[in-house]
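# using only what follows, build the 3D model:
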Amino acid sequence: MSTQGNKDIIDITEKITEILNKSELQQGLLNVFINGSTGALTTIEFESGLLEDFKLLWKKLIPSQQYYHHHDKWQDGNGHSHLRASLIGPSLTIPFNQGKLNLGTWQQVVFIDFDNVSRNRSVQVNLIGKR
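Sure, this is the predicted structure:
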């Protein structure tokens, strides 16, 4: 998946639901994982106002214009990206029953790209369950 970076938030709920449907599993756990240290996975209501609030939260908690020691090593200016991603984490596990993800009514699964440049990302989905 191509991302824009800079807190790009992508709803991946439909894609992981398709993977679950194709598996024909009825009960178990679905794990989603992003390999990379500047991306994260979580759930959120995918609503435009809340998405803007979410971006503002990160701007306040871990500002991008601040000095980070990581910059001394790589000079890539993305120390804030690593810190933001590490607070959320690279994986998410969701139970499913009767072939459906156990998500709340307004709960979507999202990938957040915290890096300061666009990237091509791969999301891994693993299923454990029974038919």
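# just checking, residue 129 is part of a strand?
Yes: with DSSP: H, G, I helix; E, B strand; the rest coil as the criterion, residue 129 is part of a strand.
# any idea how many residues pack against residue 100?
Residue 100: 11 surrounding residues under other C-beta atoms under 10 Å. In this view, the C-beta of every residue, glycine as well, is placed from N, C-alpha and C.
# residue 32 now?
Residue 32: 20 surrounding residues under other C-beta under 10 Å.
# and the residue lying closest to it once chain neighbours are set aside, what's its pLDDT?
Residue nearest to residue 32 in three dimensions, not counting chain neighbours: residue 92, with 5.0 Å by C-beta to C-beta, 6 or more residues apart in numbering. On pLDDT, residue 92 comes in at 98.
# can you tell me what sits against the lengthiest helix in the chain?
Counting residues, the longest helix found in the chain (DSSP state H) is helix 48-61. Helix 48-61 has contacts (C-beta atoms under 8 Å, 6 or more residues apart in numbering) with 7, 9, 44, 84, 87, 114.
# export those residues as JSON lines, with columns for pLDDT.
Shown next, in JSON lines, are these (pLDDT from 0 to 100):
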{"residue": "7", "pLDDT": "79"}
{"residue": "9", "pLDDT": "95"}
{"residue": "44", "pLDDT": "97"}
{"residue": "84", "pLDDT": "97"}
{"residue": "87", "pLDDT": "97"}
{"residue": "114", "pLDDT": "95"}
